[in-house]
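Trainee: here is the input, now give the coordinates:
(chains A and B, ligands or ions: 1)
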Amino acid sequence: MSDLQELYQSVILDHNRKPRNFGTLDGATGTAEGKNPLCGDQVEIAVQLDGDTVSRVMFTGHGCAISKASASLMTAAVQGKTRAEVDALFDKFHALVTGRADEADITREALGQLVVFSSVSRFPIRVKCASLAWHTLRAALENDAAGVPVSTE
Amino acid sequence: MSTTTTLAPQPVSLAPLAPRADFPLLAAQPSLHYLDSAATSQKPQAVLDAITGFYSTANANPHRGAYELSAKATDAYHDSRITIARFLGAADTDTLVFTRGTTESMNLVANAWGRTHVQEGDEIVITALEHHANFVPWQQLALAKGAHLRIAELTSDQRIDLDHLESLLTSRTRIVAITQVSNAVGSITPVAEVVRMVRAKSPAIIVLDGAQGAPHLPVEFDALGIDFYAFSGHKLLGPMGIGGVIGTRARWLECEPWQFGGDMIEWVNDHDSTWNTLPHKFEAGTPNAADAVGLAAAVRYLQQLDMTAVREHEVALLEAAHARLSALEGLHMYGPPASQRSGVISFSLADVHPHDLATILDQHGVCIRAGHHCAQPLMRRLGTNSTARASFYVYSDGSDVDALVHALTEAQRMFAHTPA
Ligand SMILES: Cc1ncc(COP(=O)(O)O)c(C=O)c1O
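Mentor: Residues are numbered from 1 along each chain as shown, chains lettered A, B, ... in the order given. Sure, this is the predicted structure:
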């Protein structure tokens, strides 16, 4: 598989075309908006926390296939995780897309379906596309007490 | 929809106007298809040689030293100003003030003329086509002064709606700032018509953003009948970090200095100062002489090619590209027909986001721009966040068009493979 075919593998294209958990979330406990000012990509993340556990995440917005697929796969990956677990998973994901997964001893198992993003590390200008939803989720989680939307860059 | 898309398309046989061999970066990468010249052009060897030549034979601080080498640097800088001003059709060559480029030029005019001439309740007219460099300085000036910013809207093919523009002009309009050529969609402004309208309806000064005009069209400042003309050297084969603004002498005399320091002063007393004359009054600090020399070399290179030929070459490429791209299913092109458009093709492809396109095309050696092109007000009106943009210049040829079309077809194929 070429780098390009790996970047745009079927899982990513599928989530781009039919994003999961796409839409607004009634009863959200935290929301945040993320923007990539460089390209105009935009994502809104809404989370519902049950105690310290993420019970639901939904997103809306527009962007490229990488950012949409990343948001879509993220919403599935974090469901049922505690905030600390979400943080830890983001760290692993970030290591993956920036090409540091091996040196950080992160296994494919630890990443689950998110491994489909491993080739992003060979397209450095696309790292921001892949991580936008995660940064925004983190903001939405920090934001849960007040429950008001914030904007992150 | 064309029924011939399955046939092997005819390659576009169009030679470059300027040999690739003249451009070291292109010569070193024969398979590279550089289609982002609207962002910045490649540089011919002649320009690189001129810059090196300045540093290796004439480097000293212009205007300062009382020795021969400094005089040589001053002359080189001065001669560059003459060459560039004449290329842009300004006979009074000292009315060309060097800046870092169009952005700085617009900020200069907004500060040097705008701050002293725009009052509360006055109006500033711009258009929805503008690059942020010709948008935000006026927006901020209006905010600072309590003036009203008026934005001329566009036709459905992204040309300035002249009727709407005309309806915005009043006796309170102080500034009309307008692009000569849109960087995002390529539309060429009918400047003569705009000038006639503005002069008939308002006392406003006319500021033209020539960032995309100067590289692609013959420009005759003295014949345009405008007040200020801003441009960037790096888009017309010159180095980054140099550009300028030409103004009529009458308007320059109305300007106050906007940056203070060396070179721009005549005499500094303890508690006040007097100013140097044009153009130095608006060029505070050590000038970018080396890049001015480089830009003069770029201008001479373009003069040899002839700007009419440059325009004709781009129209030929545009027409060829337009024909080929129209045959692609799901491809939408923005902007007016080739006769009213510079060498820019802004487009979208159904189901493939511009960023994904740019990545895929890059893997095929085709460099295009994806994004808002520093024209977010325009993108809002197009109802999108970004478009893909391919842009041509003197070294572009038919093979660039072929490579673009081929790579787009590959992108479509790749995205079509999604399982249902
Ligand atoms: C139409 C237009 N105006 C202004 C600018 C700003 O030019 P610069 O970035 O060289 O100052 C550009 C280039 O990006 C442009 O295309």
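
Trainee: which other helices and strands contact the host helix or strand of B:Val207?
Mentor: Counting by DSSP states H and E, the element that carries B:Val207 is strand B:205-209. Helices and strands touching strand B:205-209, by 3 or more C-beta pairs under 8 Å, 6 or more residues apart in numbering or on different chains; DSSP states H and E, are helix B:102-109, strand B:173-179, helix B:191-201, strand B:228-232. C-betas here are computed from N, CA, C, even on glycine.

Trainee: ok, now which ones touch the residue of chain A found nearest the ligand?
Mentor: Closest to the ligand within chain A is A:Leu38: 14.3 Å, counting by C-beta to the nearest ligand atom. When contacts are counted by C-beta atoms under 8 Å, 6 or more residues apart in numbering or on different chains, A:Leu38 touches A:128, B:371.

Trainee: ramachandran angles for it?
Mentor: phi -60, psi -40 (degrees, to the nearest 10).

Trainee: which non-adjacent residue is nearest B:Ser70?
Mentor: Leaving aside its chain neighbours, B:Ser70 sits nearest to B:Ala60 (4.1 Å; criterion: C-beta to C-beta, 6 or more residues apart in numbering or on different chains).

Trainee: what residues are up against the nearest residue to B:His132 once chain neighbours are set aside?
Mentor: Nearest residue to B:His132, sequence neighbours excluded (C-beta to C-beta, 6+ apart): B:Cys374, at 4.5 Å. Neighbouring residues of B:Cys374 by C-beta under 8 Å, 6+ apart: B:131-133, B:183-184.

Trainee: of all of the stretch 1-150 of chain B, which residue lies closest to chain A?
Mentor: B:His132 (11.6 Å; C-beta to the nearest C-beta).

Trainee: that residue reaches B:Leu378, doesn't it?
Mentor: No: with contact defined as C-beta atoms under 8 Å, B:His132 does not reach B:Leu378; the gap is 10.1 Å.

Trainee: quick one: which of these two has more around it?
Mentor: More neighbours surround B:Leu378 than the other of B:His132 and B:Leu378, with 27 against 16 (other C-beta atoms under 10 Å in any protein chain shown).

Trainee: outline the domain layout of chain B.
Mentor: Split into domains by automatic domain parsing, chain B comes to B:20-39+B:307-416, B:48-304.

Trainee: redo the ones you listed as CSV? Include mean pLDDT.
Mentor: Shown next, in CSV, are the domains of chain B (pLDDT from 0 to 100):
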stretch, mean pLDDT
domain B:20-39+B:307-416, 96
domain B:48-304, 97
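
Trainee: which residues of chain A score low on pLDDT?
Mentor: Residue ranges of chain A with pLDDT under 70: A:1, A:144-153.

Trainee: so which bits of it are right by the ligand?
Mentor: Within chain A, not a single residue sits near the ligand (C-beta under 6 Å from any ligand atom).

Trainee: leaving out sequence neighbours, find the closest residue to B:Gly114.
Mentor: Nearest non-adjacent residue to B:Gly114, counting by C-beta to C-beta, 6+ apart: B:Leu141, 4.7 Å away.

Trainee: please report how far the residue nearest to the spatial centre of chain B lies from the ligand.
Mentor: Of all residues in chain B, the one closest to the mean position by C-alpha atoms, centre = their mean is B:Ala211, 1.7 Å from it. Distance, B:Ala211 to the ligand, by C-beta to the nearest ligand atom, to the nearest Å: 3 Å.

Trainee: cool, thanks, talk later.
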